[in-house]
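[1] Give the three-dimensional model of this entry:
(one chain, ligands or ions: 1)
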Amino acid sequence: MKVRIDTDRCTGDRICEEACPDIFKVNDKSDIAELIKNNYSKEDEKCIEEAVKNCPSEAIIIE
Ligand code: SF4
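    Next up, the predicted model:
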């Protein structure tokens, strides 16, 4: 799985970080989510899929 954050859409609300703290981290300076991991277990993939559904800005893109 390849994931990216659409930085133009992200509003920094931290929903993804709260759901998957090992995968997403909102940068304190830019207020934009970043990926802190790029190899994903099955469990990570489930968490990412949930985060995609719950991101209000549709800023998490699975490629
Ligand atoms: S849930 Fe979406 S909008 Fe919110 S911080 Fe994460 S990527 Fe950005």
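[2] Could you check how far stretch 51-61 is from the centre of its chain?
    On the basis of C-alpha atoms, centre = their mean, to the nearest Å, stretch 51-61 sits 7 Å off its chain's mean C-alpha point.
[3] Could I get the buried residue list for that stretch?
    Using 16 or more other C-beta atoms under 10 Å as the burial criterion, the residues of stretch 51-61 that qualify are 51, 55, 59-60. Glycine gets a C-beta too; all of them are placed from N, C-alpha and C.
[4] from those residues, which two are the most distant?
    Greatest spatial distance in the buried residues of stretch 51-61: 51 and 59, 9.8 Å, computed using C-beta to C-beta.
[5] which ones are touching the residue lying closest to residue 37 once chain neighbours are set aside?
    Among residues not flanking residue 37 along the chain, residue 23 sits closest, at 5.1 Å (C-beta to C-beta, 6 or more residues apart in numbering). Residues counted as contacts of residue 23 (C-beta atoms under 8 Å, 6 or more residues apart in numbering) are 16, 35-37, 40, 44, 47-48, 51.
[6] Equivalent analysis for residue 63, please.
    2-4.
[7] Residue 27 and residue 6, how far apart?
    15 Å (C-beta to C-beta, to the nearest Å).
[8] With residue 24 instead?
    In terms of C-beta to C-beta, residue 24 sits 13 Å off from residue 6.
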